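Engineer: how would this look folded up:
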Amino acid sequence: METKTRAAMYSSFKKNSVLAALLTLFVCNVSAAEEPIKQPETATPVPAKKPDTVTPASVKKPTLLTIPSESLFEVITARAKQLAANDYVADPEIAIDTLNNISYQDYRAIRFRQDHAIWKDQSLYEVQLFHPGFLYKNPITINTVSNDGKVQKLPFKTDYYRYDSTAAPLEQEISAALGSTQLGHAGFRLHFPLNNNEYKDEVAVFQGASYFRLVGPQQVYGISARGLAVDTALSSGEEFPVFKEFWLVKPTAEDTNIVLYALLDSPSVTGAYRFEISPSTNTEIKTQMQIFARKDIKKLGIAPLTSMFYHGENSTKFFDDYRPEVHDSDGLLMQSQDDKWVWRALNNPKQLSVTSFSYDNPKGFGLAQRDREFNNYLDTEAHYHARPSLWIEPLAPWGHGRVELVEIPTDTETNDNIVSYWVPEQPLKAGETLSFGYKMSTFNAVLANQDKAHVLRTRIGSAALPGEKNPPPKSHRQFTVDFTGDTINNLSANIKLLANLSLNSGAVSDKTVQQLPNNQGWRVAFKIAPEGDKPVDMRLSLTLRDKEVSEVWSYVWYPNDVQ
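Structural biologist: Predicted coordinates for the structure are as follows:
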């Protein structure tokens, strides 16, 4: 069980100086199969009306509404549109010191009582809530929607929780301070019999801004998804929209899918979201979103994914760590309209790196944890070998735009330093609206529909020969890229596979292609000599006669990265 917090730090760089740093910290109650999730702590200030505080006198009692579940999306969309037509007002903050001053250790000692789970023993799904306070000073509203369309707010109750260990004195203090105040919650998690029929595992968590995470069978939490990204990797600073209210539609006793709705709000944009979650051999979320711009948005990130890459097989600097690799994801995978697959191995760079891949109507993209071998991590606590990969698949054509990859320097695994998302070609202007639909799916190493050979590993070392008297500069590197897959593993060693390697700068030498032992795949080895400090952008694939038989390996070598 992991006991540490996870932080996501975003830094924008101009030349070598830091222009902005945004710290994102997400913490939640930790169960045996769970890692803390993340929440934005600070961001570039945006002018807005001063938020009210939650006090007994300022809170109205919840009302009971009746809305057919099939009409909820239209109702929430209309509300989002109305919000966008008015100035942004931040949600009220908690005005109870006892909640705001909860320490990290005490917060972790507050546990939801499983016997108080929403819909317990009524369906395949159960809902558990997260306690407000600590970092969560702006509680969100969570509603349930019954089969007959009745909408009921879930109130905060200390009875929902166990206050264990050092948190024990807080129960009476919070109850006394609460009085008649009606509070919301910090988030929620969904439980479902994912791995066996006797126990309902956590399958999805929504907590902090617009962040959520999900897992498939035999996976543990790692990569996060978000509802929307605004101005990521811009020097002006990133904005973190918030899911301020949820509606959870109660499933029938035998439903294997569950539908959620959410209202998103931020200084620049509002939105209505519909999520349909389907756990099976993998876990899928079909997402429908309608967003409205309050003001011009410089860069809009659709279906953003946030992950961590500290060090891996391709790292060229020393990490004082007993574990060979530490990462939630090791590559960005993309599929074009004409079924060309591109794999971009992730890196922990010395300075901020933003890379764009232009597409017309892509079939999908995602961040993957392709390496599933425990011996490559040796971590019995974090279980990095079991972290999920996530794939984004448009449900309708997205038009022209780009998949963007942001890699941020980090000196610790507690920083989420990898972000990827889709950026539409046309920026969103104030008063405009956009609609998107996509399916998000968990997977392990490789997607089921990827029929071409894929990259198994990327390794980088010095281009110098052993004992060479006049070795080349350290910026000259030896690369080995191994490909594997049913399509090539059983080929004869006498067959002639060709390596198509292209570079935007620098020179390549000593390129070879050879079969790996025991039909494990094929290796392409080559040396790169850069032009001074100029980055070398490379693309590599295998061909058999005139046909491409592998995905495209994409990589950028920064000569200054070597130590």
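
Engineer: By mean pLDDT, flag the weakest helix or strand of the chain.
Structural biologist: Least confident helix or strand, the chain: strand 17-26 with a mean of 29, by mean pLDDT, DSSP states H and E.

Engineer: got the contact list for Tyr136?
Structural biologist: Gln39, Phe130, Ala186, Gly187, Gln207, Gly208 (Cβ atoms under 8 Å, 6 or more residues apart in numbering). To be clear about C-beta, it is placed using only N, CA and C from the backbone, and glycine gets the same treatment.

Engineer: how near is the most centrally placed residue in the chain to Ser307?
Structural biologist: Nearest to the mean C-alpha position of the chain, by Cα atoms, centre = their mean, lies Ser224 at 2.6 Å. Using Cβ to Cβ, to the nearest Å, one gets 7 Å for the distance from Ser224 to Ser307.

Engineer: shared neighbours, these two?
Structural biologist: Common neighbours of Ser224 and Ser307 (Cβ under 8 Å, 6+ apart) are Asp416.

Engineer: Grab the longest helix from the protein for me.
Structural biologist: Criterion DSSP state H: the longest helix present in the chain is helix 72-84.

Engineer: just checking, next helix/strand downstream of that one?
Structural biologist: Using DSSP states H and E, the next helix or strand after helix 72-84 towards the C-terminus is strand 93-94.

Engineer: For that next one, name the packing helices and strands.
Structural biologist: Strand 93-94 sits against strand 53-54, with contacts defined as 3 or more Cβ pairs under 8 Å, 6 or more residues apart in numbering; DSSP states H and E.

Engineer: before we move on, back to that, for beta bridges, what are the partners of the residue nearest to the centre of the chain?
Structural biologist: Note on Ser224: beta-bridge partners by DSSP bridges are Thr306.

Engineer: Does it touch Ser210 like I think?
Structural biologist: No - applying Cβ atoms under 8 Å as the test, Ser224 and Ser210 come out as separate, 10.0 Å apart.

Engineer: what about the closest residue to Phe374 other than its chain neighbours, neighbour count?
Structural biologist: Nearest in space to Phe374, with sequence neighbours left out and distances taken as Cβ to Cβ, 6 or more residues apart in numbering, is His385 at 4.6 Å. For His385, the count of nearby residues is 18 (other Cβ atoms under 10 Å).

Engineer: What of Leu65?
Structural biologist: So Leu65, with other Cβ under 10 Å, has 13 neighbours.

Engineer: Look up how far Leu72 lies from it.
Structural biologist: Computed with Cβ to Cβ, the distance linking Leu65 and Leu72 is 10 Å.

Engineer: if I look at the residue nearest to the centre of the chain, how far off is Glu413?
Structural biologist: For Ser224, the distance to Glu413 (Cβ to Cβ) stands at 15 Å.

Engineer: what bridges to Pro556?
Structural biologist: Small correction: residue 556 is Val, not Pro. Applying DSSP bridges, one finds that Val556 bridges with Asp537.

Engineer: contacting residues around it?
Structural biologist: Asn347, Ser353, Thr355, Pro535, Val536, Asp537, Met538.

Engineer: Who wins on neighbours among those residues?
Structural biologist: Counting by other Cβ under 10 Å, top hit in the contacts of Val556: Asn347 with 26 neighbours.

Engineer: which phi and psi does the closest residue to that one other than its chain neighbours have?
Structural biologist: Excluding its sequence neighbours, the residue lying closest to Asn347 (Cβ to Cβ, 6+ apart) is Glu407, at 5.7 Å. Phi and psi for Glu407, reported as degrees, to the nearest 10, are phi -120, psi 120.

Engineer: pLDDT score for Glu407?
Structural biologist: On the pLDDT scale, Glu407 is placed at 97.

Engineer: and it, how many residues sit next to it?
Structural biologist: Number of residues near Glu407 (other Cβ under 10 Å) recorded here: 23.

Engineer: Confirm for me that it is in contact with Asn417.
Structural biologist: Yes - here Glu407 reaches Asn417: they are 6.7 Å apart, a contact under Cβ under 8 Å.

Engineer: got any residues that touch both of the two?
Structural biologist: By Cβ under 8 Å, 6+ apart, the residues touching both Glu407 and Asn417 are Phe309, Asn348.

Engineer: On the three-state scheme, Ser441 is what?
Structural biologist: Assigned state for Ser441: strand (three-state reduction, DSSP: H, G, I helix; E, B strand; the rest coil).

Engineer: Ignoring the adjacent residues along the chain, who's closest to Asp164?
Structural biologist: Using Cβ to Cβ, 6+ apart, the closest residue to Asp164 is Ala109 (4.6 Å).

Engineer: which residues does Val215 contact?
Structural biologist: Val215 is in contact with Leu194, Asp201, Glu202, Val203, Ala204, Tyr221, Thr283, Pro388, Thr442, counting by Cβ under 8 Å, 6+ apart.

Engineer: Show me the shaky parts of the stretch 451-563 of the chain.
Structural biologist: 563 (pLDDT under 70).

Engineer: Which parts of it are strands?
Structural biologist: 454-462, 477-484, 497-503, 507-515, 522-529, 536-544, 547-548, 552-557 (DSSP state E, counting those that start in this stretch).

Engineer: could I get these as CSV with distance to Asp115?
Structural biologist: Listed next are the strands of the stretch 451-563 of the chain as CSV, based on distance: least, Cβ to Cβ, whole Å:
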stretch, distance to Asp115
strand 454-462, 46
strand 477-484, 48
strand 497-503, 60
strand 507-515, 58
strand 522-529, 56
strand 536-544, 56
strand 547-548, 57
strand 552-557, 51
